[in-house]
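> My questions are about this predicted structure, shown below with the sequence.
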Amino acid sequence: MTEDIKEKFMQFQYLQKHIEQITEHVQLLNNQNEHVTDSLEALEGIKTADVGSDMFAPMANGIFVKGTLTDNKKLMVNVGASTVVEKTVDEVIVLLTKQQEEMSHKIIEAEAFLQQMHKQAYELYQQVEATQE
């Protein structure tokens, strides 16, 4: 194997590794996007839920506490650094919608970059194949 082919093969492996990492990142972003969609749907449900109705509030992953809805207009929102603020349901919907739009933009950028990397990997593959003929 010539040095040129070895170098192209190493570049190809490097691209493949990064393609896998970016693919995982895109999948993570898509999963987060789905969670935001689920949250938005739940918020729409809270807006129309009757005060005094029974509900389950999440305590941890898969663990819920039974409770009674006392206010369907205000929510407590963790804004980071262990800081919780009160916001209206509509304010939270706007916040999550903005996050979802930003996430969608990141997904589009990552997928475009992924296409570029696939193209580069294919071009390297073709170059190596051409030298083998």
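Received it, and whenever you're ready, just let me know what you need. Numbers count the residues shown, from 1 in each chain.

> quick one: the strands in this structure?
Ranges of strands within the chain are 54-60, 63-68, 74-80, 83-88, based on DSSP state E.

> Ok, which of these comes nearest Val36?
Ranking the strands of the chain by their distance to Val36 (criterion: CB to CB) puts strand 74-80 first, at 13.7 Å. Any C-beta I mention is one placed from the backbone N, CA and C, and that applies to glycine too.

> which outside residues touch the closest one?
46, 84-89, 92, 95 (CB atoms under 8 Å, 6 or more residues apart in numbering).

> mind redoing it with 6 Å?
84-87, 92 (CB atoms under 6 Å, 6 or more residues apart in numbering).

> I only care about those that end up buried; give me the ChimeraX line for that.
Applying 16 or more other CB atoms under 10 Å to these, the buried members can be selected in ChimeraX as follows:
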select :87,92
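
> nearest to Asp71, of the contacts of strand 74-80?
Glu86 (9.8 Å).

> Can you tell me who the closest residue to that closest one other than its chain neighbours pairs with across the strands?
Leaving aside its sequence neighbours, Glu86 sits nearest to Lys74 (CB to CB, 6 or more residues apart in numbering; 5.4 Å). Here Lys74 sits in beta bridges with Thr88, as judged by DSSP bridges.
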